[in-house]
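*Asks:* Provided below for reference: sequence and predicted model.
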Amino acid sequence: AMNENCLFCKIIKGDIPAKKIYEDDEVLAFWDIAPQAPKHFLVIPKKHISGPAAMTEEDEQLIGKVIRVGAAIAGENGIGDDFRVVFNNGAGAGQTVFHIHMHILGGRAMNWPPG
Ligand code: AMP
Ligand code: ZN
């Protein structure tokens with residue numbers, strides 16, 4: 001269900017614009033508005049889940065799809081085979097939007113550890 005106060009639910013609904021990369025009935029991918037690498041996009045489920053820690057067993061297949069679609073899109077959008085996948089959980093870990101999202105970052109050397 002749509003969360004009225006959620007930025008990403010508003011993007012899904014079309015109330016806030018985004019540079020979409022991929023969309024189907026379950027997931028949406030779009031470029032991050034403040035990229036932290038030459039290529040940085042987000043993949044979200046259309047179902048509002050506040051973050052990884054709020055997932056239930058019934059969300060497992062959906063978030064698996066988020067990962068699969070994100071990896072496939074990376075290859076088609078100039079990122080190639082080397083990219084970082086990040087899910088932030090909690091404000092202390094840098095989560096600022098409380099609708100679960102997967103970051104994919106690439107297009108430069110992705111160093112480890114990330115800090
Ligand atoms: P996080 O810090 O893990 O919660 O990630 C939220 C991400 O959403 C950040 O990388 C932001 O730059 C990005 N973001 C915030 N607002 C928008 C927007 N309107 N369109 C695209 N990306 C956004
Ligand atoms: Zn939401």
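*Replies:* That came through fine. Numbers count the residues shown, from 1 in each chain. Ligands and ions are numbered 1, 2, ... in the order given.

*Asks:* How about the lengthiest strand in the chain and ligand 2, touching?
*Replies:* Longest strand of the chain, by residue count under DSSP state E: strand 39-45. No - taking C-beta under 5 Å from the ion as the criterion, strand 39-45 and ligand 2 are apart, separated by no less than 7.8 Å. Where C-beta positions appear, they are placed from N, C-alpha and C, glycine not excepted.

*Asks:* what's the distance between whatever helix or strand comes next after that strand and the middle of its chain?
*Replies:* Following the chain from strand 39-45 toward its C-terminal end, the next helix or strand by DSSP states H and E is helix 60-76. If you compare the mean C-alpha spot of helix 60-76 with that of the full chain, they lie 9 Å apart, counting by C-alpha atoms, centre = their mean, to the nearest Å.

*Asks:* Please save the CA atoms from helix 60-76 in PDB.
*Replies:* Included here for helix 60-76 are C-alpha records, laid out as PDB according to Å, rounded to 0.1, in the frame of the first residue of the first chain:
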ATOM      1  CA  GLU A  60      12.000 -12.500   0.100                       C
ATOM      2  CA  GLN A  61      11.100 -13.200  -3.500                       C
ATOM      3  CA  LEU A  62      10.300  -9.600  -4.200                       C
ATOM      4  CA  ILE A  63      13.700  -8.400  -2.900                       C
ATOM      5  CA  GLY A  64      15.400 -11.200  -4.700                       C
ATOM      6  CA  LYS A  65      13.900  -9.700  -7.900                       C
ATOM      7  CA  VAL A  66      15.200  -6.200  -6.900                       C
ATOM      8  CA  ILE A  67      18.700  -7.700  -6.800                       C
ATOM      9  CA  ARG A  68      18.300  -9.600 -10.100                       C
ATOM     10  CA  VAL A  69      16.800  -6.700 -12.000                       C
ATOM     11  CA  GLY A  70      19.400  -4.300 -10.700                       C
ATOM     12  CA  ALA A  71      22.300  -6.500 -11.700                       C
ATOM     13  CA  ALA A  72      20.800  -7.000 -15.200                       C
ATOM     14  CA  ILE A  73      20.300  -3.200 -15.600                       C
ATOM     15  CA  ALA A  74      23.800  -2.500 -14.500                       C
ATOM     16  CA  GLY A  75      25.100  -4.400 -17.500                       C
ATOM     17  CA  GLU A  76      22.800  -2.500 -19.900                       C
END
